[in-house]
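Novice: Kindly generate the corresponding structure for this input.
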Amino acid sequence: MKVDTFTYGLGENSVLVVNRAIVHGIRDAGMLRHNHSPALNPGVDWTGVSKMRDKVTPGADIAMCQASVTLEVMNRLKEVAPSTKIFLQRDSSHCQEWHDQVHAEMDKFDIQWTAYGDELLNREKEEYRLADRITVLSHWVKSTFEKHGLGDKVVYVGPQTFDRHKWPAMPPPQGRIFKVLFAGQTGLRKGLIYLLQAWRRLCLRDAQLVIAGVSEPAGDTSNKLNKWMNQQIKDTPSCTALGFVPLAKMANLYAECHVLCLPSVEEGSSMTVLEAMSVSRPVIASTHAGADILKHGENGFLVEPRSWEQIADSIAWYYDHRDDWAKHSKSAADSVDDCDIESFGKRYVARMKEAYDEL
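Specialist: Predicted coordinates for the structure are as follows:
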């Protein structure tokens, strides 16, 4: 079997690490014919992907493409290599689901910004139409494609992957302060507002909420979103906003805290969940965070999106049950054993072969 890969880069952030794992897995299996994914760290060359259409040649059994940015490549494949099967990798939920979930938040809080405009929506939907199979990293993402009538195309290859050697297990935090960490973009999509609501109502003694991240891009309206979210953070007691934290410092930041909380409205499949668990920290995450390795009541808690009540209950449980926290901590570190890049690459290739044989 011969495979050509078309993605927008191999590097360190969540999407690029997935790309790297896929390309390396296909290469290690002896199936890689041509790789057209530039090595990018930390940038992402959104414009360069369409130029890869000129790299398309007949002869591959499979072309592995990246969703959102490879429509030109896929059209070229249909033109000059019609026998090549197209596998489209999508990290987040179905684009229409992404759009609907985020727009519901914008309507709820009266903060409008450009999120999946019609042009991008239509481009990606056309990619879905052209693809023979769509690979996804979480069961929740799989369900969104089924919801939108693409269940016959979707292939589950999750869970997410990461560079595990960079996230060693750490001892429990020192000191008497109970710390909860939020790591990610501080806009509407990650559900930070619901964590802030939960924290205000808990009023825990000797406790601190730590926020690491910057606002997500929001076009011309980003200033309004940033000001609103910054005010929400300021109005929350015992809350510290660190802003951007370099990746090299994140392992120690996870280790300083007791729990990571990621109550995303739309996530797809979170790398921060894997990082925190690898460092031996339990996680509170929404079902939309795509954290398939999170086992409710064993290494963390799953909460419904937009439920500050469930977030508050989960935080309070860890605050009140320090001995059980230690059990969850060990379980969290053990849970990511099969999420390293090599294991993911082998799993992706196996699922790709199975899906190809079924076509």
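Novice: Please, where are all the helices along the stretch 1-150 of the chain?
Specialist: For the stretch 1-150 of the chain, the helices defined by DSSP state H, counting those that start in this stretch occupy 14-28, 48-51, 71-80, 95-109, 118-130, 139-147.
Novice: Determine how far the last one lies from the middle of the whole chain.
Specialist: If I follow you right, that is helix 139-147. Here helix 139-147 is found 14 Å from its chain centre; the criterion is Cα atoms, centre = their mean, to the nearest Å.
Novice: Next: the fourth one.
Specialist: Relative to the chain's own centre, helix 95-109 is displaced by 17 Å; criterion: Cα atoms, centre = their mean.
Novice: cool, and the first one?
Specialist: In this view, helix 14-28 has its centroid 15 Å away from the chain centroid, taken as Cα atoms, centre = their mean.
Novice: Which neighbouring elements make contact with that helix?
Specialist: strand 3-6, strand 32-35, strand 62-66, strand 85-89, helix 341-358 (3 or more Cβ pairs under 8 Å, 6 or more residues apart in numbering; DSSP states H and E). Where C-beta positions appear, they are placed from N, C-alpha and C, glycine not excepted.
Novice: can you rerun that using 10 Å?
Specialist: Judged by 3 or more Cβ pairs under 10 Å, 6 or more residues apart in numbering; DSSP states H and E, helix 14-28 is in contact with strand 3-6, strand 32-35, strand 62-66, strand 85-89, helix 271-278, helix 341-358.
Novice: does Val3 really touch Ile86, like I thought?
Specialist: No. Counting by Cβ atoms under 10 Å, Val3 does not reach Ile86; the two are 11.2 Å apart.
Novice: Now the common contact residues for those two.
Specialist: Counting by Cβ atoms under 10 Å, 6 or more residues apart in numbering, the residues touching both Val3 and Ile86 are 60, 62-64.
Novice: returning to that earlier point: closest one to Trp199 among the helices of the stretch 1-150 of the chain?
Specialist: Smallest distance to Trp199 across the helices of the stretch 1-150 of the chain (Cβ to Cβ): 17.4 Å, for helix 95-109.
Novice: Quick one: residues contacting Ile193.
Specialist: Taking Cβ under 10 Å, 6+ apart, one finds 105, 108-109, 186-187, 228-229, 232-233, 263, 265, 306, 308 in contact with Ile193.
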